[in-house]
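Engineer: predicted coordinates and the sequence they were generated for:
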Amino acid sequence: MASSSSFSLAARPVGVFDSGIGGLTVARALSRVLPHERLIYFGDTAHLPYGDKSTAAIQAYAVKICDLLLRQQCKVILIACNSASAAAYELVREYVGSKARVLNVIDPIVAHVGQTYQGRTVGLIGTKQTVNSNVYRKKIDDLDAGVQLQSLATPLLAPMIEEGFFNSSISDNIIRTYLSNPVLDGIDALVLACTHYPLIKEQIQAYYKDKVEVLDASDVVARHVAGFLNEQQLAAPAAHHATGHHFYVSDFTRSFEESTRIFFGQEVQLEHYPLWE
Ligand code: DGL
């Protein structure tokens, strides 16, 4: 049986952060898989997009966000952004130390790809930061599973989705232009290595006419977090009701709030938390 101190640790919230509201796709998957967990979400809308920022800038933002999530007593901090996971995971883990456990969105995908696509060719699309960091390639190569990774930076996709352009002819055109790049020729599966991309998954599947498996990271990551919490005996007790998620943003606009519906599945109230004032 859990001791009283581990019980109270388990009852603490899970911190989730992203450059903006795209990470809500991960928060949504988490809330489905882990209905008893209370989430504290932080979207750094003041600095969005991270995908074009330098590693040093993203690291500085990430550290400040972790300070806030630690003040909120988070037991786990999930970096729900591929760009921030690529640029800042190691640094954040060191910075947070034993105060909370830090998880990223890259490792669960790498493990999944290694198990599922041994000896095959896998494509990946993401921001410039994610692709140019080469972090997926390094981690997949380390598995030695014979997976050949072909990556392409697709920087227009996140702003396009944020502006509401998906399931439209404009988005179809941009998606087709990117996916027809020869770098992605001959792939068996495509990793959507950006938290915005689940919203264009169907358009991507339509482009490939279901001949290429399209991997939506949010479900893989949510299952990984659930496994981690159970393994570490950190899962919130079943009697614990996950009321009162909090959703903070560093810059509030009504349009961000309206967009929460498309990323989280329902509109949520964003609280303005001006970390940088
Ligand atoms: N959420 C970011 C990611 O997963 C994409 C948006 C951005 O560039 O900030 O990489």
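Structural biologist: Thanks, I have it.

Engineer: count the residues that sit near Arg254.
Structural biologist: Neighbourhood size, Arg254 [other CB atoms under 10 Å]: 8. For glycine as for every other residue, the C-beta is placed from the backbone atoms N, C-alpha and C.

Engineer: do Phe247 as well
Structural biologist: Neighbours around Phe247, by other CB under 10 Å: 22.

Engineer: specify the beta-bridge partners of it.
Structural biologist: Tyr41 (DSSP bridges).

Engineer: so what's it up against?
Structural biologist: Contacts for Phe247 were tallied using CB atoms under 8 Å, 6 or more residues apart in numbering; they are 24, 41, 43, 260, 268-271.

Engineer: what pLDDT does it get?
Structural biologist: The score at Phe247 is 96. That number is its pLDDT.

Engineer: do the same with Ile21
Structural biologist: On pLDDT, Ile21 comes in at 89.

Engineer: still on that earlier bit, so of the contacts of Phe247, which ones are in helices?
Structural biologist: Among the contacts of Phe247, DSSP state H puts 24, 260 in helices.

Engineer: and Gly97, how far from Phe166?
Structural biologist: 40 Å (CB to CB, to the nearest Å).

Engineer: oh, I was asking about Leu149
Structural biologist: Distance from Leu149 to Phe166, by CB to CB: 25 Å.

Engineer: and what of Ile79?
Structural biologist: Relative to Phe166, and taking CB to CB, Ile79 is found at 24 Å.

Engineer: who has more neighbours out of the two?
Structural biologist: Between Ile79 and Phe166, Ile79 has the larger neighbour count (other CB under 10 Å), namely 28 against 22.

Engineer: so Phe264 touches Leu24, yeah?
Structural biologist: Yes - taking CB atoms under 8 Å as the definition, Phe264 is a contact partner of Leu24 at 4.2 Å.

Engineer: compare these two (neighbour count), which wins?
Structural biologist: Leu24 (29 against 19).

Engineer: before we move on, back to that, are any of the contacts of Phe247 buried, and if so which?
Structural biologist: Using 16 or more other CB atoms under 10 Å as the burial test, the contacts of Phe247 include 24, 41, 43, 260, 268, 270 as buried.
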